[in-house]
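K.L.:
Give me a model of this one.
(2 chains)
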Amino acid sequence: MSASTISSSFLATALLPSIAQAQSQLSSLEVESTTGQYADIGLQLGDQSGYELSLKNQTDLLQTLTTSNALVKTNLTTTQDALNSILTDAQSAASSLTAWSSGAADAGATLQTLGVNALQSLITTTNTTSNGQYVFGGVNSSVAPMTDYSTAQNTITTAFENYFGFAPTDAAAANVTSAQMQTFLTGTFASLFSGASWTTNWSSASSANQTAQIAPGETIDASSNANQAGFQQLTEAYAMLAGFGGTELSSAAQQEVASTATSLVTQGVSSITGTEAGVGALLTRVTDANTSMSSQTTILQTQIGNLDDVDTTTAATKLNALTTQLQTAYELTAEIQKMGLAQYLPT
Amino acid sequence: MSMSATYNIINSAFLSNAAQSAVISSNVSNANTTGYSREVANIITTADGGSELGSVTREANEALLEQVNSSTSQAASQQALANGLTTLAATVSDSSSSSSTSGSTENGNSPSAMLANLQDALTTYETSPSSASAGQAVVTAADNLVSSLNSGSATVQQVREQADADMASSVSTINSLLNQYSQVNATIVSGLAAGANVDTTEDTRDTILTELSKQIGISTVANPNGSTSIYTDSGVTLFNNTASTLSFTPTQTYTAGTTGNDVTVDGVPITGASSPMPIQSGALAGLANLRDNVAPEYQSQLDQIANGVINAFAESDQSGEVPAAASLPGLFTYAGATSLPTATSATGLAAAIEVNSAVDPTQGGDISLLQNGGINGSAYVYNTTGAAGYTGRIQQMVAATTSTQSFDPSVGLGSSDTLSDYADASVSWLQAQNQQATNQADYQNTLVTQATAALSNATGVSLDTEMTNMLSIENSYTTTAKLLTTVNDMFTALLDAA
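P.N.:
From the prediction side, this is the model:
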């Protein structure tokens, strides 16, 4: 008898726990069907939360790198443009030199103008900035890498005077033979443009390039520097033209200057071309890194989605089913309250 | 048999009808009283063929009550733990308001996410080392990491303080219930000895037991004299003829190193590591577990992360002198730091960690020390040439979060890991604990609902049954009254004839 008894108070309240449960599920499902993600992702994932977090952190890092790569790319492109401009100038200087040598040599004023213009152009281009940083400065990016010509000019003149005992503009300079000039140019003069003399006289750049991380674990030299051979050779060539062209030097000596300069410009062009190719390769690496990070991001986001996302259709369907269930529970509760023997007894 | 004997039988029928009606009335009036057990009037035949009320039985079901009480204890314990863990988990939880399709970076406020943000800021800084705004972004990210650790640690201690206060109120509830129980039990024992009906009092006693089991896991033993002894689920006596008293001294303020006081029963601790018989269930057990084990374990993890962060960003001696000076705290330090902390002496670091004022412009610091080193003086300068594009130190810091470090293995997340993996593992640990406790609490609450339903069905009042019984008694009354009239008529006929 007692086994089949249903307590009236239980009967009246039987559906209350399931109504409360349905209501709490309802609020979660509302969030899920709207956002497409679990209402409480941490509670849902439990010990996978850390994994999900690390995936999100990786995605963030990739995005940060992609953003900072834009800056790296700008710097490299600026570097590339500057190198291009230096190359163009050098090639035009080379052809002017050839024309001068083969043509009726004037007093050499052409040589000097050529040298001064080319040198100023080289200095300006080498001092190119990108985002406020000197692109050829190496890590010493806050200081203009190349010293202005006016200060260096004294160094050249002084070197000549110390070597020959008179200035190139002195009438005595006409007696300098082409052999003497060659010895001076390849010896004393050349040493001004290499090693420690280069950084003392001409360059404030650091030989260490700036580095940048372009992908997780992938670091590249993201700048160039003006201490490379190409810059030294071109500067040397332009400086000798500017310093000795149009002076009192004999025509033969000036011819020697022109031919030495031509060979230096040729070497410089090949050296700068190599640097430019290197910068181009770096640009390609940055682009490749961006492509690979973009596909990695897609993969990571798919994985995050697998953990976080709920099917909105399923959530919406569940929401409907739950609403129906809740309504049924309300109706049943009301109906059950009406049921009772006392209601049906004659009064 | 005499006619007067018939009167006696009819009289007894009226009396037993009345007694049954009284029981039914009592049942109906208590139909919705929680803890009321249905009563049944047992009518027996008297020697002269009449009927009388033999006894009133209380339809109690001790087994089901025991079931309700034990699942109530389990549910209360898990619920207390789950409530605390939900508060803790909120400090690391994802924000679900963000949409994954937009590639959102809403990773919540966990140390792990803040650490990743710091790494992102450093990566950007590496590309623009001379940019003050990129440096400022690093300091801001460092500030966020510090406040994540600080507030995480503060939340842990708040949870512990709340648990401690809840334990105090639980202990006073238990003491008050035990006193009530003592009085009710005494009434039952003396009532039974005097042969009185103690059914209502027994209902009260069962209700007290259910209330008690919300606070502390109990088991009961019935004694022959009607008294019931109460023991904790671990076997410590709570009531045996007299009530024991639970003692607890609350602790107002918690820090990482604080150990809360144990709850004792007559001097025997029933919570804490030193307890020979620790209680297993009830809100008190859940709160003690939260306060003494779960929350401190998470605090230790935060302390280990803080220690890892300070060490990862430490500056080492660059002067090249032999012997080299000790490495000192760099970007991150802690109040009163004179040396680097170690993994085994990290207690309370999560609350003490701060961004070094030497690099924080808002505190008069110099951001360039981040790029060049030298927070601890000229011997610690990395960028000796002062080049504006120097990134060597920044690169070291970028790599710092992903290089392997030592952690205290007693904390439970391993002894060697990268800082970011360790921080991730900590989030996993917390969310797993939260998930488990929440699921257990849901499960135990369902069991309570089911056990309560079973108990209610076994011992509760069915109005329909009572109504049916009432109709049957009504019919019996009508018939008895008819019988009385008939016998009376017979007597009248007999007397008229005479």
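K.L.:
Mind pulling up the pLDDT for the closest residue to residue B:423 other than its chain neighbours?
P.N.:
Nearest-residue entry for residue B:423: residue B:112, 3.7 Å, with adjacent residues in sequence omitted and distances by CB to CB, 6 or more residues apart in numbering or on different chains. Where you see a C-beta, it was placed from the backbone N, CA and C, and this is true even at glycine. With respect to pLDDT, residue B:112 has a value of 90.
K.L.:
How much space separates residue B:112 from residue B:347?
P.N.:
21 Å (CB to CB, to the nearest Å).
K.L.:
More neighbours: which of the two?
P.N.:
A count of neighbours by other CB atoms under 10 Å in any protein chain shown puts residue B:112 above the other of residue B:112 and residue B:347, at 30 against 18.
K.L.:
Point out where chain B drops to low pLDDT.
P.N.:
In the prediction, chain B carries residues with pLDDT under 70 at positions B:1, B:94-107, B:498.
K.L.:
What does the residue in the stretch 201-350 of chain B that chain A sits nearest to show for phi and psi?
P.N.:
The nearest approach of the stretch 201-350 of chain B to chain A comes at residue B:301, 11.4 Å away (CB to the nearest CB). Note on residue B:301: its backbone torsions stand at phi -60, psi -40 [degrees, to the nearest 10].
K.L.:
ranges for the strands of the chain?
P.N.:
Just so you know, I chose chain A. When secondary structure is read from DSSP state E, chain A shows strands at A:129-130, A:133-134, A:211-215, A:218-221.
K.L.:
Chain B was what I was after
P.N.:
For chain B, the strands defined by DSSP E occupy B:39-45, B:51-58, B:218-222, B:228-232, B:237-240, B:242-243, B:246-247, B:264-265, B:268-269, B:332-334, B:353-355, B:404-406, B:416-418.
K.L.:
Tabulate those strands in CSV, adding columns for distance to chain A and mean neighbour count.
P.N.:
Conversion of the strands of chain B to CSV gives the following (distance: least, CB to the nearest CB, whole Å; neighbours: other CB atoms under 10 Å in any protein chain shown):
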stretch, distance to chain A, mean neighbour count
strand B:39-45, 9, 16
strand B:51-58, 11, 15
strand B:218-222, 21, 16
strand B:228-232, 23, 21
strand B:237-240, 29, 19
strand B:242-243, 31, 16
strand B:246-247, 32, 19
strand B:264-265, 34, 20
strand B:268-269, 32, 16
strand B:332-334, 19, 24
strand B:353-355, 20, 24
strand B:404-406, 15, 16
strand B:416-418, 10, 15
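K.L.:
Can you say which of the ones you listed is nearest to residue A:149?
P.N.:
With CB to CB, the closest approach to residue A:149 among these belongs to strand B:353-355: 47.4 Å.
K.L.:
List the contacts of the closest one.
P.N.:
B:139, B:142-143, B:146, B:149-150, B:306, B:309-310, B:331-335 (CB atoms under 8 Å, 6 or more residues apart in numbering or on different chains).
K.L.:
now these: which count as buried?
P.N.:
Neighbour-count burial (16 or more other CB atoms under 10 Å in any protein chain shown) is assigned, among the contacts of strand B:353-355, to B:139, B:142-143, B:146, B:149-150, B:306, B:309-310, B:331-334.
K.L.:
quick one: which of the residues you listed sit in helices?
P.N.:
Judged by DSSP state H, the subset of the buried ones among the contacts of strand B:353-355 located in helices is B:139, B:142, B:143, B:146, B:149, B:150, B:306, B:309, B:310.
K.L.:
Intersect those residues with the contacts of chain A.
P.N.:
The subset of those within reach of chain A, by CB under 8 Å from any CB of the partner chain, is empty.
K.L.:
Between the strands of chain B, which one is closest to residue A:179.
P.N.:
Relative to residue A:179, the nearest member of those by CB to CB is strand B:404-406, separated by 66.4 Å.
K.L.:
Nearest the middle, which residue of chain A would you pick?
P.N.:
A centroid search over chain A (CA atoms, centre = their mean) returns residue A:72, at 1.1 Å, as the residue closest to the centre.
K.L.:
my guess is residue B:245 contacts residue B:264, does it?
P.N.:
No - Residue B:245 lies out of contact with residue B:264 (CB atoms under 8 Å); the separation is 9.2 Å.
K.L.:
so what's the residue nearest to residue B:484 when sequence neighbours are not counted up against?
P.N.:
Spatial nearest neighbour of residue B:484, excluding adjacent residues (CB to CB, 6+ apart): residue B:10 at 5.1 Å. Each residue near residue B:10 by CB under 8 Å, 6+ apart is listed here: B:480, B:483, B:484, B:487.
K.L.:
same deal with residue B:311?
P.N.:
Residue B:311 makes contact with B:340, B:341, B:405 under the criterion CB under 8 Å, 6+ apart.
K.L.:
got a markdown table for those residues, with distance to residue A:164 too?
P.N.:
Shown next, in a markdown table, are those (distance: CB to CB, whole Å):
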| residue | distance to residue A:164 |
| --- | --- |
| B:340 | 64 |
| B:341 | 69 |
| B:405 | 66 |
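K.L.:
from those, which is closest to residue A:61?
P.N.:
Using CB to CB, the shortest approach to residue A:61 within the contacts of residue B:311 belongs to residue B:405, at 19.0 Å.
K.L.:
quick one: the closest one and residue B:123, what's the gap?
P.N.:
Separation of residue B:405 from residue B:123 (CB to CB) stands at 20 Å.
K.L.:
distance of the residue nearest to residue B:484 from residue A:310?
P.N.:
Here the distance between residue B:10 and residue A:310 works out to 74 Å (CB to CB).
K.L.:
re the thing from before, want to throw the strands of chain B into JSON lines with distance to residue B:442?
P.N.:
As requested, these are exported to JSON lines (distance: least, CB to CB, whole Å):
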{"stretch": "strand B:39-45", "distance to residue B:442": "36"}
{"stretch": "strand B:51-58", "distance to residue B:442": "34"}
{"stretch": "strand B:218-222", "distance to residue B:442": "23"}
{"stretch": "strand B:228-232", "distance to residue B:442": "25"}
{"stretch": "strand B:237-240", "distance to residue B:442": "29"}
{"stretch": "strand B:242-243", "distance to residue B:442": "34"}
{"stretch": "strand B:246-247", "distance to residue B:442": "29"}
{"stretch": "strand B:264-265", "distance to residue B:442": "31"}
{"stretch": "strand B:268-269", "distance to residue B:442": "31"}
{"stretch": "strand B:332-334", "distance to residue B:442": "40"}
{"stretch": "strand B:353-355", "distance to residue B:442": "37"}
{"stretch": "strand B:404-406", "distance to residue B:442": "38"}
{"stretch": "strand B:416-418", "distance to residue B:442": "33"}
